[in-house]
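# structure for this input, please:
(one chain, ligands or ions: 2)
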Amino acid sequence: MAATIRRLDEAVVNRIAAGEVIQRPANAIKEMIENCLDAGSTSIHVTVKEGGLKLIQIQDNGSGIQKNDMEIVCERFTTSKLATFEDLNNINTYGFRGEALASISHVAHVTITSRTKDSKCAFRGQYSDGKLKDSVKPSAGNFGTQIMVEDLFYNVATRRRTLKNPSDEYSRIVDVVSRYAVHNSAVGFSLKKHGTPSADVKTSPNASITDNIRIIYSAAIAKELLEVEDEDKRLGMKVKGYITNANYSMKKGIFLLFINERLVECSQLYKAIDTVYSTYLPKGSSPFLYLSLQIASQNIDVNVHPTKYEVHFLHEEQVIERIQKCVEQRLLGCNSSRTFYTQSLITLPKAGQVDNPSTNSQTEEKATGSSETREYAYNIVRTDHTERKLDEYLQKPVSSLSPDVVECQPIADDAGGAQVASSEGKRGMEEKRLPSVSATGSRHKVTLTSVLSLQRESEASAHHRLREMLKEHTFVGCVNRSFSLLQYQTSLYLVNNKNLTQELFYQIMLYDFGNFGTLKLSEKTSIKELALLALQLPECGWTPQDGDKQDIAQYACQFLLAKAAMLSEYFSLEIDKEGNLCTLPLLLDGYIPELERVPLFLVRLVTEVNWEDEKNCFKDICTETSMFYAMQKEILPIPKSQRVTGEEQEWKKCVENVLFPAMRRSLLPSEERAKDGSFLEIASLPNLYKVFERC
Ligand code: ADP
Ligand code: MG
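Ligands and ions are numbered 1, 2, ... in the order given. Next comes the predicted model:
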């Protein structure tokens, strides 16, 4: 038998609807706190009994409610804050639907006592089911509004049953009040259980956000906070906040999120940020985050859920990504960070003072409270790279540690050495220590779309963290020609010189395109002869089937001669009419590539470059040139007897003073560099401490 469809009693409908807005005491308190803030209060006191189920009382010192309005405040859809639907697009206050008080009054007994500034007394009204029960009566009362909510859910048995644990409800209330107190640090909040003298949350008016984080959450958190701030005009959003640095973690993270002043939840954003932290924090632990977002109100849809907890916005993915990046950047490198570095990374002077780090404390008072400053040695790192290089700690020069470097030398002016095929070629183009650099006059702006598009590709594949690391690194020393040591924050990295310098030169090629200086060879050298030299190299892989070496060399020379105009204009690679190489591009002041690689470079220009298509052609030439310029593992050995001792360390100086500074300035390491072992973390100070702590 079909059940009869009956129209629901209006009171029941209202109760059901109210139950969606007000699901538990904490929701009611959130709504009422927002009303207090909308009314411009600077002090908000909350008192509850039995987790808010028996009584919630909120007293504020805001604008108060006019006597006339007292009659209708608890009716549905009465609000002083929104008149038309269009206003929804431009909400500056928390409340906007006139639904909160009405809903509460459908599921509880509500008493409002309110006094406006211009009123001689307060007025009081009692409400049930959205209606004023009696008339509004004059009463004694302070300026501002006091709202009492009694017996929440007295008429909703099912809800009462699910909320039978007052202490659980109370902790949710503590949570909501705490969050609002942090976000509205200018407002003094208090929360206490009825009948107890002391407050469980108490903040003073005009405190700072970090003060309140310290008081409410803990000094340990407040001590490790990094301030974040970012704006993306295109996305119409701003972020501000405080996040804990990588030294701090806790089992269950805390995430305070406000969007347009409203406490909300956004699990996708939380996940995105947590991922960033997962690289830094011990497994299974999370950070403390407080973020306040401003999103252009036309980009946000607050009207998703009656509790308004969950917010959706346009461009959600991009906004999340942007915030994620901002957090990552902040976490990674920040010499100038106020709260993190001034507190723990003041220049570590000489070794030996590490034991007495308190001499370094200059903690920013406001953020951390000077009394609880404590520095941990594992956070203190040397940041002044002019002090104490690796070499100083070693008896012998570093190079002698590594057998494959012992025989190596930077190219001396003319070291001869007939046993090395290419040294013959070198004789012809004796390197000048101070190459004549003729600057090309005013810079040409790069306008070729092919080059611009290669630049964009390079930027798109840039690895953000590695860039930050290079930018902020401290050079520790050269291990050998293949590797250098860098310090970044509290970690030590072994980095691959060749891979990084090759990428550096590739990018210099792209960004200085057409603007290179020239490196003049003191004697011009026949390309044909250089090509012949190259053909003798095993790398060249010549076999008799390839044809006569003379013919190939002749062909290579003709080929490059045909491209001479372009090579000269764009790449400062001059070839004269007779087929002699005269100049090479000067890519980086103070750096001269290993000239015995010129022959191979030239031959590869002929064989490895796609000359058909402009973009590929430029790309290949830049790649070949960068391979030629890159710091190579070996220098061709020069007999001991011919070594110029003073120049033994020349390449090291160049690595430290020319190459790495250039990388710091401009290199955008590609994602590939993060995967190919170009950067290896070999020690991390905090982890070392962990190891020792276990001993
Ligand atoms: P909304 O906040 O969406 O406008 P509410 O139901 O929360 O709706 O509040 C209804 C109205 O009651 C508000 O628009 C405001 O005029 C008034 N009001 C509520 N609480 C306060 C308060 N603490 N101080 C001053 N006015 C208040
Ligand atoms: Mg409201």
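# count of neighbours near the residue of the stretch 451-600 of the chain found nearest ligand 1?
Across the stretch 451-600 of the chain, the shortest distance to ligand 1 (Cβ to the nearest ligand atom) belongs to His464, at 41.8 Å. From N, CA and C alone the C-beta is placed, and that goes for glycine too. By other Cβ atoms under 10 Å, 15 other residues sit near His464.
# mind listing the strands for the stretch 201-350 of the chain?
Along the stretch 201-350 of the chain, the segments classed as strands by DSSP state E, counting those that start in this stretch run 201-202, 225-232, 237-244, 254-259, 262-263, 288-295, 300-301, 312-313.
# and the ones you listed: which comes nearest ligand 1?
Closest approach to ligand 1 among these (Cβ to the nearest ligand atom): strand 262-263, 11.6 Å.
# ok, that closest one: who's next to it in the sheet?
strand 254-259 (antiparallel) (DSSP bridges).
# and the partner strand, what's its mean pLDDT?
Taken as a whole, strand 254-259 has an average pLDDT of 94.
# for that strand, buried residues please.
Going by neighbour count (16 or more other Cβ atoms under 10 Å), the buried part of strand 254-259 is Ile254, Phe255, Leu256, Leu257, Phe258, Ile259.
# tell me the spacing between the third one and His464.
So the one you mean is Leu256. Distance of Leu256 to His464, given as Cβ to Cβ, to the nearest Å: 25 Å.
# including distance to ligand 1, could the buried residues of strand 254-259 go into a markdown table?
Shown next, in a markdown table, are those (distance: Cβ to the nearest ligand atom, whole Å):
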| residue | distance to ligand 1 |
| --- | --- |
| Ile254 | 27 |
| Phe255 | 25 |
| Leu256 | 22 |
| Leu257 | 21 |
| Phe258 | 17 |
| Ile259 | 17 |
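# between those residues, which is closest to Gly64?
Of all those, Phe258 has the smallest distance to Gly64: 25.6 Å, by Cβ to Cβ.
# that closest one contacts Val264, doesn't it?
Yes - Phe258 is in contact with Val264 according to Cβ atoms under 8 Å; the separation is 7.0 Å.
# re the thing from before, which of the strands of the stretch 201-350 of the chain sits closest to ligand 2?
Between ligand 2 and these, the tightest spacing by Cβ to the ion is seen for strand 262-263, at 10.8 Å.
# the closest one - what's its average pLDDT?
If you average the pLDDT over strand 262-263, you get 88.
# could you shift the numbering so residue one becomes 18, and keep it that way?
Fine by me, first position is 18 from now on; the one you just mentioned is strand 279-280.
# secondary structure element for the closest residue to Val166 other than its chain neighbours, which one?
Excluding the flanking residues, the one nearest Val166 by Cβ to Cβ, 6 or more residues apart in numbering is Ile73, at 4.2 Å. Assigned by DSSP states H and E, Ile73 belongs to strand 72-77.
# paired strands for that strand, with orientation please.
Using DSSP bridges, strand 72-77 pairs in its sheet with strand 60-66 (antiparallel), strand 161-167 (antiparallel).
# send me the first one as PDB with only the CA atoms.
Once side chains and other backbone atoms are set aside, the C-alpha atoms of strand 60-66 remain, and they are given as PDB (Å, rounded to 0.1, in the frame of the first residue of the first chain):
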ATOM      1  CA  SER A  60      36.300  41.900  22.500                       C
ATOM      2  CA  ILE A  61      34.400  38.600  22.400                       C
ATOM      3  CA  HIS A  62      33.700  36.400  25.400                       C
ATOM      4  CA  VAL A  63      32.300  32.900  25.000                       C
ATOM      5  CA  THR A  64      31.000  30.800  27.900                       C
ATOM      6  CA  VAL A  65      29.700  27.300  27.500                       C
ATOM      7  CA  LYS A  66      28.100  24.600  29.600                       C
END
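# alpha carbons of the strand holding Ile73, in PDB - could you do that?
Extracted in PDB, the C-alpha atoms of strand 72-77 (Å, rounded to 0.1, in the frame of the first residue of the first chain):
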ATOM      1  CA  LEU A  72      24.400  26.800  27.100                       C
ATOM      2  CA  ILE A  73      26.300  29.000  24.800                       C
ATOM      3  CA  GLN A  74      26.700  32.600  25.800                       C
ATOM      4  CA  ILE A  75      28.500  35.200  23.700                       C
ATOM      5  CA  GLN A  76      29.100  38.700  24.700                       C
ATOM      6  CA  ASP A  77      30.600  41.300  22.400                       C
END
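# what residues does it touch?
Contact with strand 72-77 is made by 42, 45-46, 49-50, 53, 56, 58, 60-66, 159, 161-167, 169, 211, as judged by Cβ atoms under 8 Å, 6 or more residues apart in numbering.
# could you flag which of the residues you listed are buried?
By neighbour count, with 16+ other Cβ under 10 Å, those hold 42, 45-46, 49-50, 53, 56, 58, 60-66, 161-167, 169 as buried.
# near ligand 1, list only the ones from the residues you listed.
Contacts with ligand 1 within those, counted by Cβ under 6 Å from any ligand atom: Cys53, Ala56, Thr162.
# what strand or helix carries the residue nearest to the second one when sequence neighbours are not counted?
Spatially, and ignoring its direct neighbours in sequence, Ala56 is nearest to Gly79 (2.9 Å; Cβ to Cβ, 6+ apart). Following DSSP H and E, one finds Gly79 outside all helices and strands.
# so where do the strands sit in the stretch 568-712 of the chain?
597-603, 696-701.
# okay, now the residue nearest to Val166: neighbour count?
When neighbours are counted by other Cβ under 10 Å, Ile73 registers 26.
# residues touching Met49, list them.
By Cβ under 8 Å, 6+ apart, the neighbours of Met49 are Ile73, Ile75, Ala117, Ile121, Ile164, Val166.
# that one: what secondary structure?
Secondary structure state of Met49, per DSSP: H, G, I helix; E, B strand; the rest coil, is helix.
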